[in-house]
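Visitor: got a predicted structure here, sequence first:
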Amino acid sequence: MKPLSFDIEEVLRLFDEKKVFDLRGISNRLIREAAMSNDYAKAELGVIAYALHKLESKEHFVRNPKWGKVKQSISQHLLEAENAVKNNEQAKFLNALKTVIQSITNIDNELGNFAQNIYDKAKVKQASLAYSYGLSIEQSSALTGADQKELQSYIGFTTMHDDEPETKNISQRVKDFLNLMKE
Amino acid sequence: MKAVIDTGTMISLSGTCLMNVFKVFVKTNRIELIISNAVAEESVWKPITNKRFALNAARIKYAFSEQTIKVIPISNQIIQQQQKILQLANNSFFTADGPLKIIQAGEAEALALAKIFGAKILFIDERTTRTLIENPLRLKQVLERKQEAPIRVNQQNIDTIKAMFPNLLMLRSVDLIATAFEQNLFDHELAHGKLELEAALWATKFAGCAVSENEINEYLNNSKAKQ
């Protein structure tokens, strides 16, 4: 597992180089590692990377004249986060990530087309990934900060449950219940 | 008969407008349904302030006021039991990086209530907590396959948690709907027909209940749903 400072540096590099699909790739790796080690910082960085991937892939964001300034601010605060991790400054690190999230949310509120913002969607999307690694719904929600109901609703529309045979099927559970009622 | 219900099942049933079927099911089978404070918080008091989920939350709140579901206040006994379950569950499976934290406080609280109140049934749509109790070694296989890494098991912890719930029947919202159909309890919401059953089962799957397409199809093909 890579150290967090390395991961931030990578996210920053990929964001600066506009490597949209690689941002998504690193986001998935970060969520996988976060799920395995219950690492909330990696999970948050994973959600940020996913949200940056979404922003960078939308023409109406990147072509807007305001984008350059926002991008610069995000890069600057990612760098601050990286330095804070290297210097073991927890509060500074959290503050820098908070500012990055705020920048994402602000530009999305201003230029986005959907009621649900990109950052909240990113939390749900990446929580579903954590769920696919075997964590419970509540644990997956907690890891990324996603709303549990949003996550459950999102998972319902995936095929995630289709490739996992249940211990007991519907008929067996119905039968068990009816037998229990006879006792 | 006492039963505990988890957040996910409440959300599935209220979100699919099947609360009337649920209420009649509870009444007909004389189920004394209890939930924890954490579940009440997650299924009612938190979403009631969110425009997208407020109506679902209001439906569940109404079920509280009708006494279909009783909310159990938190106590030291519940907290102690919940902490014990969290400790066991989250130290049962290990990767090279350490223990896998697989469940959270709300899920552990539902199990704690089931243990303390001697519940016979836990209504839970969520896959991981259910598999942990029903078939922990299968959960190990799922974790290994999904995480593409070897998983070490603390067998003592798994045996302890399994022994806490030797006869607890786990039911999902799809199982509840199927049972309600077999008991002819649909008429408070829907006609008693295969089409209605199929629609209700699919609606709960899309609401997030852990059930596969094959399982629904198999049930519809093989069961009394042929009526």
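Guide: Thanks, I have it. Numbering: from 1, shown residues only, chains lettered A, B, ... in the order given.

Visitor: C-alpha from now on. contacts and neighbour counts both.
Guide: Will do.

Visitor: ok, the residue of chain B at minimum distance from chain A to residue B:5 distance?
Guide: Residue of chain B nearest chain A, by Cα to the nearest Cα: residue B:208 (3.7 Å). Residue B:208 is 15 Å from residue B:5, where distance means Cα to Cα, to the nearest Å.

Visitor: just to revisit the earlier point, ok, the residue of chain B closest to chain A touching residue B:15?
Guide: No: under the criterion of Cα atoms under 8 Å, residue B:208 lies out of contact with residue B:15, with a separation of 10.0 Å.

Visitor: higher neighbour count, these two?
Guide: More neighbours sit around residue B:208 than around the other of residue B:208 and residue B:15, counting by other Cα atoms under 10 Å in any protein chain shown; the figures are 27 against 22.

Visitor: now the more buried one: closest residue in space that isn't a chain neighbour?
Guide: residue A:156 (3.7 Å; Cα to Cα, 6 or more residues apart in numbering or on different chains).

Visitor: residues near that neighbour, how many?
Guide: With neighbours defined by other Cα under 10 Å, the count for residue A:156 comes to 22.

Visitor: phi, psi for the residue nearest to residue A:82 when sequence neighbours are not counted please.
Guide: Nearest-residue entry for residue A:82: residue A:5, 5.2 Å, with adjacent residues in sequence omitted and distances by Cα to Cα, 6+ apart. Geometry field for residue A:5 lists phi and psi as phi -60, psi -40, criterion degrees, to the nearest 10.

Visitor: contacting residues for residue A:5?
Guide: A:82, A:83, A:85, A:86 (Cα atoms under 8 Å, 6 or more residues apart in numbering or on different chains).

Visitor: which two in these are spaced the farthest apart?
Guide: Pairwise distances across these (Cα to Cα) peak at 6.3 Å, for the pair A:82 and A:86.

Visitor: neighbour count for those two, which is higher?
Guide: Neighbours were tallied for residue A:82 and for residue A:86 using other Cα under 10 Å; the higher tally belongs to residue A:82 (24 against 15).

Visitor: dump the helix or strand containing that one to PDB, keeping only the CA atoms.
Guide: Counting by DSSP states H and E, the secondary-structure element that holds residue A:82 is helix A:67-86. Once side chains and other backbone atoms are set aside, the C-alpha atoms of helix A:67-86 remain, and they are given as PDB (Å, rounded to 0.1, in the frame of the first residue of the first chain):
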ATOM      1  CA  TRP A  67     -12.300  27.000 -14.300                       C
ATOM      2  CA  GLY A  68      -8.600  28.100 -14.600                       C
ATOM      3  CA  LYS A  69      -8.700  29.900 -11.300                       C
ATOM      4  CA  VAL A  70     -10.600  27.100  -9.600                       C
ATOM      5  CA  LYS A  71      -8.200  24.500 -10.900                       C
ATOM      6  CA  GLN A  72      -5.300  26.500  -9.600                       C
ATOM      7  CA  SER A  73      -6.800  26.800  -6.200                       C
ATOM      8  CA  ILE A  74      -7.500  23.000  -6.000                       C
ATOM      9  CA  SER A  75      -3.900  22.200  -7.100                       C
ATOM     10  CA  GLN A  76      -2.500  24.600  -4.500                       C
ATOM     11  CA  HIS A  77      -4.500  23.100  -1.700                       C
ATOM     12  CA  LEU A  78      -3.700  19.500  -2.800                       C
ATOM     13  CA  LEU A  79       0.000  20.500  -2.600                       C
ATOM     14  CA  GLU A  80      -0.700  21.900   0.900                       C
ATOM     15  CA  ALA A  81      -2.300  18.700   1.900                       C
ATOM     16  CA  GLU A  82       0.700  16.700   0.600                       C
ATOM     17  CA  ASN A  83       3.100  18.900   2.600                       C
ATOM     18  CA  ALA A  84       1.000  18.600   5.700                       C
ATOM     19  CA  VAL A  85       1.000  14.800   5.500                       C
ATOM     20  CA  LYS A  86       4.800  14.800   5.000                       C
END
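
Visitor: need the contact partners of that helix.
Guide: Outside helix A:67-86, the residues within contact range by Cα under 8 Å, 6+ apart are A:4-6, A:8-9, A:12, A:15-16, A:61-62, A:90, A:92-94, A:96-97, A:99-100, A:103, A:107.

Visitor: pull out the buried residues from that helix.
Guide: For helix A:67-86, the buried set under the neighbour-count rule, 16 or more other Cα atoms under 10 Å in any protein chain shown, comprises A:67, A:70-71, A:74-75, A:77-85.

Visitor: quick revisit: pretty sure the residue nearest to residue B:208 sits against residue B:207.
Guide: Yes: between residue A:156 and residue B:207 there is a contact at 5.1 Å, judged by Cα under 8 Å.

Visitor: residue 183: neighbour count?
Guide: Looking at chain A here, since you left the chain open. 5.

Visitor: to clarify, I was referring to chain B.
Guide: Other residues close to residue B:183 by other Cα under 10 Å number 13.

Visitor: so what does it look like in phi/psi?
Guide: Recorded main-chain torsions at residue B:183 are phi -90, psi 10, according to degrees, to the nearest 10.

Visitor: what packs against the lowest-mean-pLDDT helix or strand in chain B?
Guide: Each helix and strand of chain B was given a mean pLDDT (mean pLDDT, DSSP states H and E); the minimum falls on helix B:37-40 at a mean of 84. Contacting helix B:37-40 under the criterion 3 or more Cα pairs under 8 Å, 6 or more residues apart in numbering or on different chains; DSSP states H and E are the following elements: strand B:69-72, helix B:105-116.

Visitor: mind listing what's buried along the next helix or strand after it?
Guide: Proceeding N to C from helix B:37-40, the next assigned helix or strand is helix B:54-65, under DSSP H and E. For helix B:54-65, burial by neighbour count (16+ other Cα under 10 Å) applies to B:54, B:55, B:56, B:57, B:58, B:59, B:60, B:61, B:63, B:64.

Visitor: and residue B:149, what does it touch?
Guide: Going by Cα under 8 Å, 6+ apart, residue B:149 touches residue B:95.
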